[in-house]
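J.: sequence and predicted structure, then a few things I'm wondering about:
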Amino acid sequence: MSLLGRLRDVLRRFLGREEEPSLAVDDPDLVVVVEAFDIAEADSAALARSPRWRADDLAVLRHHVRIPADQVERARELLTPEGWVLVAGDISHISRVQKLDALHCAQERSRMASLAQRLGGEALGWDALQKPGEPAR
């Protein structure tokens, strides 16, 4: 876990705001509300064009990556401490529950591209899932 992540967790515990996410990455009720597979499109633009994304609600941020089969466990070792769940396949999914905003989407997209490249794979893009509901933007 990054230093910033550890500090954030300590602060949450100190302030009594340790909250369990009300979503799970494998919740069958989730629907895709944003997709970002065009590397030339800013993450802020992807979020802005989505009428279904609710900025105040938690979402599952899901990255789509190709990782060589012999590197999947290494990727899992690197990602699990920070709350990411990796589901391996021809196109693997790396998911985590969080609030979405353009900055964090861009940071995580860059991080996944770097991870995939280091492991001999490639990052294809991301999507976000939320429970169905009325847009509250």
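T.: Done, it's in. Everything numeric here is computed off the predicted structure, so don't read it as measured data. Numbers count the residues shown, from 1 in each chain.
J.: and what about the residue nearest in space to the middle of the chain, helix, strand or coil?
T.: The residue lying closest to the centre of the chain (Cα atoms, centre = their mean) is residue 61, at 2.8 Å. Classification of residue 61 by DSSP: H, G, I helix; E, B strand; the rest coil places it in strand.
J.: same check on the one 10 residues further on?
T.: Assigned state for residue 71: helix (three-state reduction, three-state DSSP).
J.: please begin residue numbering at 29 from this point
T.: Fine by me, first position is 29 from now on; the one you just mentioned is residue 99.
J.: just give the nearest non-adjacent residue to residue 81, would you?
T.: Using Cβ to Cβ, 6 or more residues apart in numbering and skipping residues adjacent in sequence, the residue nearest residue 81 is residue 61, 4.5 Å away. The C-beta positions use only the backbone N, C-alpha and C, and glycine is treated the same way.
J.: and if you look at residue 126?
T.: Counting by Cβ to Cβ, 6+ apart, residue 126 lies nearest to residue 89, which is 5.8 Å off, once chain neighbours are set aside.
J.: and the one you found, what does it touch?
T.: 123, 124, 125, 126, 128, 132, 133, 136, 154, 156 (Cβ atoms under 8 Å, 6 or more residues apart in numbering).
J.: how far away is the nearest residue to residue 119 once chain neighbours are set aside from residue 123?
T.: Using Cβ to Cβ, 6+ apart and skipping residues adjacent in sequence, the residue nearest residue 119 is residue 92, 5.3 Å away. To residue 123, residue 92 is 10 Å away according to Cβ to Cβ, to the nearest Å.
J.: ok, those two, which is more surrounded?
T.: Between residue 92 and residue 123, counted using other Cβ atoms under 10 Å, the more crowded position is residue 123 (23 against 20).
J.: what are the ranges of the helices in the chain?
T.: 31-42, 71-76, 100-107, 130-146 (DSSP state H).
J.: looking at these, which is nearest to residue 161?
T.: helix 71-76 (16.4 Å; Cβ to Cβ).
J.: and the closest one, how far from the chain's centre?
T.: Helix 71-76 sits 15 Å away from the centroid of its parent chain (Cα atoms, centre = their mean, to the nearest Å).
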